[in-house]
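Peer 1: need coordinates for the following:
(2 chains)
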Amino acid sequence: MSKFWIIMSHTYMSRIKTKSFIISTLITLLFIVAATNFQTIIDAFSDGENDQFAVIDESGELYEPLQQGIQAANEEIDVSLFDGTEEAAKDAVQDEEYQALLVLSLNENGLPEGNYYANNISDSGNQTFIQQQMQQIKVAYATQQQGVDQSTLAEISAPVTFNTEALDTSAKTDEELSQARGIVYVMLFLLYMAVITYGNMIATDVATEKSSRVMEILVSSAPPVTHMFAKIIGIALLGLTQVILFLGVGYAMIQANQDNMTGGFFSVFGLGDVSISVYIYAIVFFVLGYLLYATLAAMLGSLVSRIEDVHQLIMPMIFLIMIAFFIAIFGLNAPESELIKITSFIPFFSPMIMFLRVGMLDIPIWEVALSIGILVGTIALLAIIGARVYKGGVLMYGKSSSLKDFKKALALSKKE
Amino acid sequence: MTLVLKNVTKQFGSHKAVDNLSLEIPESEMFGFLGGNGAGKTTTFRMILGLLDRTDGEISWNGERINYGKSHLIGYLPEERGLYPKLTVKEQLIYLGKLRGMNKSGVVKELESWLERFKVPEYMNKKVEELSKGNQQKIQFISAIIHKPKLLILDEPFSGLDPVNVEMLKEAVVDLKEKGTSIVFSSHRMEHVEELCEHLCILHKGKPVVQGSLRDIKRSFGRKNLIIRGDEDFAFLKDHPGVVSYKKYMDGCTIQIENEDVSQTIFSALQGKGFIRKFELEEPSLNDIFIEKVGASYE
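Peer 2: Numbering: from 1, shown residues only, chains lettered A, B, ... in the order given. Okay, here's the model as predicted:
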């Protein structure tokens, strides 16, 4: 068995057995189950009874259209005419027989008016809804007064016809763009999470070995470079395990709850028809992005001598991925901007941003190749420097953790 | 299997940690490395192991460079002890043993016999953080030798251990030597080096100040100790020709003299100076040599 394999499987096995890993995985799984069963859970908590609203109609003609409008738009609100005085109705609201009291009347211009009485007016959802319904009635009354007939009104309020079509035949259609945006968004988010979670894990793991001083034995039995990359790949496998688990459970849950999944999220992020090359690019950029940041994390981890310092030192890396993420989010709506074009060649941003461009636009292959080339080159460079720093860093103990240490670690491993 | 260091130098910036060190460590011998803190012992070990690149000079073992391909032949106990605190002794040694080219069952078998020998068989499945520091050190020692290395480097192997455990580890080290392992070990406990090593080297500020076989070093040092016990005041001996140093005790004095002959003139000078209970000529201890050569008081 090669040493790479021994270190990798040790990293994987010892991590997967830790309580923190098991607990965080279980919590996330629970969250996934909860999210996919959202509708069922909401249904279980609501009592199934509709909100009751009392209405006193002083005009004698407004109740009928309002009731019809409400019934048509929202099944969960019941309105009924209150038989009695306004005072009695308010008492009934206070006794919580009704959610609220609505007093309808016509003003001096013959237009509808409403007064809404409730124990508290914090539930703005129902208020707004009723207000909207009344607005429609008011528009109907007002236009009628002006002699506009219903069909003219309908024409006025109908939405404008607005079609978009790309003239460039190779450009993505609206539908394709929406799907591309979906997969780009998912990939950005996954990479962002992976770098933060697993990057942190790598740095912590290295720092743990260093602070417990077991590192000197390790680097005397296996080359630091082997050690570093075995660690990076070991953690990557761990992440893969976690992601497969999440996706598996998520998929099973979605299958089981398909009836409840209405429109919204899942249709926006419909990933069905995206071309296979986009998936391949997603994997390539994800792997390269992970490798780049993981190498950086391992290098940073090797510089600290106490675990407490890891977070401090890893901060710049987190900022880097955050900046990349925010530029990419901006780029989702403006993929052709100069900023996006330039940053898609800068190594620490390119995994996210070049993928965004590949996914959303139709860009020449040489640009992609160049970006990947720069990325691979940077990874190689970082691996060489990283291995150097790692070799020196693991033998270096001290309080501070700064750029000076970086130089010191390099010097320590240097042949003079 | 001879380990040869030829004119080895290590420079950190403007500071020379090891300066022109040449050594030869013969097969199945124990070689002692002495020196104060910061004398360059650990740096030398790290260069031998290839953890640090040397600035100048050659290091070879059996005519070849030491690299990771030979790590299964080499055992190393670093000065800074460290094991995974959360892993059990067994998990720990399986991992470290595998990295030194062993397989799992081989590690378990060896580990069992070593734990038995160190009278701690119950630690097999205990987490390292639950063990006392001394016991952690035993485990660390086992991790350095479990793969039966041909070359063993021990950096301060006995520090922090009680006398019983020191004896236990010493026996184990001697056993290994007799089975053919070449051992290099550093210590600032002179008596351990005196007891165990045929050859030694005293480093001071990166420079070897004394090196060779223990017997030759003592012989060439020349000076002897003279122990005199009696009720008189022997202070007048301070000015006696050939006396290097004088140390007063409650019941007499101990004098360092230039050579054996001086003892005879002192002996005559003491005639008629009252009752002498003890007059003894003694070989210099390594401690004396160390203090003389390094010039610092140590232990």
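Peer 1: tell me the residue of the stretch 201-350 of chain A that sits nearest chain B?
Peer 2: Minimum separation of the stretch 201-350 of chain A from chain B (Cβ to the nearest Cβ) falls at residue A:213, amounting to 2.5 Å. (Glycine included, C-beta is placed from N, CA and C.)
Peer 1: wait, that residue sits on residue B:78?
Peer 2: Yes - at 7.3 Å, residue A:213 and residue B:78 qualify as touching, with contact defined as Cβ atoms under 8 Å.
Peer 1: neighbour count for the two, which is higher?
Peer 2: A count of neighbours by other Cβ atoms under 10 Å in any protein chain shown puts residue B:78 above the other of residue A:213 and residue B:78, at 24 against 18.
Peer 1: how near is residue A:377 to chain B?
Peer 2: 26 Å (Cβ to the nearest Cβ, to the nearest Å).
Peer 1: tell me, how many residues neighbour that residue?
Peer 2: 11.
Peer 1: okay, and it sits in which element?
Peer 2: With secondary structure defined by DSSP states H and E, residue A:377 is part of helix A:365-393.
Peer 1: report the buried residues of that helix.
Peer 2: Residues of helix A:365-393 classed as buried by neighbour count (16 or more other Cβ atoms under 10 Å in any protein chain shown): A:367-368, A:371-372, A:374-375, A:378-379, A:382-383, A:386-393.
Peer 1: quick one, grab the pLDDT at residue A:171.
Peer 2: Looking at residue A:171, its pLDDT stands at 64.
Peer 1: what stretches of the chain score poorly on pLDDT?
Peer 2: Using chain A. Applying pLDDT under 70 to chain A flags the ranges A:1, A:46-49, A:75, A:168-175, A:257-275, A:394-416.
Peer 1: please refer instead to chain B.
Peer 2: Using pLDDT under 70, the flagged stretches of chain B are B:1, B:296-299.
Peer 1: could you chop it up by domain?
Peer 2: Under automatic domain parsing, the residue ranges defining each domain of chain B are B:3-218, B:223-283.
Peer 1: strands of the stretch 151-299 of chain B, residue ranges please.
Peer 2: Using DSSP state E, counting those that start in this stretch, the strands found in the stretch 151-299 of chain B span residues B:151-155, B:182-187, B:199-204, B:207-213, B:224-230, B:243-249, B:252-257, B:276-282.
Peer 1: close to chain A, is the shortest one?
Peer 2: No - for a cut-off given as Cβ under 8 Å from any Cβ of the partner chain, strand B:151-155 has no contacts with chain A; the smallest distance is 8.8 Å.
Peer 1: ok, that strand: who's next to it in the sheet?
Peer 2: Applying DSSP bridges, strand B:151-155 is found paired with strand B:74-77 (parallel), strand B:182-187 (parallel).
Peer 1: equivalent analysis for the fourth one, please.
Peer 2: When pairs are called by DSSP bridges, strand B:207-213 turns out to pair with strand B:199-204 (antiparallel).
Peer 1: chain center to the partner strand: distance?
Peer 2: 9 Å (Cα atoms, centre = their mean, to the nearest Å).
Peer 1: go on, stretch B:22-35?
Peer 2: The gap between the average C-alpha position of stretch B:22-35 and the chain average comes to 10 Å, counting by Cα atoms, centre = their mean.
Peer 1: what residues sit buried inside that stretch?
Peer 2: B:23, B:25, B:29-35.
Peer 1: which residues touch residue B:4?
Peer 2: By Cβ atoms under 8 Å, 6 or more residues apart in numbering or on different chains, the contact list for residue B:4 reads B:23-25, B:58-61.
Peer 1: returning to that earlier point: what packs against the helix holding residue A:377?
Peer 2: Counting contacts by 3 or more Cβ pairs under 8 Å, 6 or more residues apart in numbering or on different chains; DSSP states H and E, helix A:365-393 is packed against helix A:224-256, helix A:276-303, helix A:350-360, helix A:403-412.
Peer 1: nearest spatial neighbour of the closest residue to chain A within chain B, skipping sequence neighbours?
Peer 2: Chain B approaches chain A most closely through residue B:82 (2.5 Å), counting by Cβ to the nearest Cβ. Once flanking residues are discounted, residue B:82 sits nearest to residue A:213: 2.5 Å by Cβ to Cβ, 6 or more residues apart in numbering or on different chains.
Peer 1: how near is residue A:209 to residue A:11?
Peer 2: Distance, residue A:209 to residue A:11, using Cβ to Cβ, to the nearest Å: 10 Å.
Peer 1: er, residue B:230 actually
Peer 2: Distance from residue B:230 to residue A:11, by Cβ to Cβ: 70 Å.
Peer 1: quick check, residue A:356 in contact with residue A:332.
Peer 2: Yes - applying Cβ under 8 Å as the test, residue A:356 and residue A:332 come out as touching, 6.9 Å apart.
Peer 1: close to chain A: what parts of the stretch 1-150 of chain B are there?
Peer 2: Residues of the stretch 1-150 of chain B lying near chain A (Cβ under 8 Å from any Cβ): B:11-13, B:46, B:49, B:51-53, B:55, B:68, B:71, B:74, B:76, B:78, B:80-87, B:91, B:95-96, B:98-100, B:143-144.
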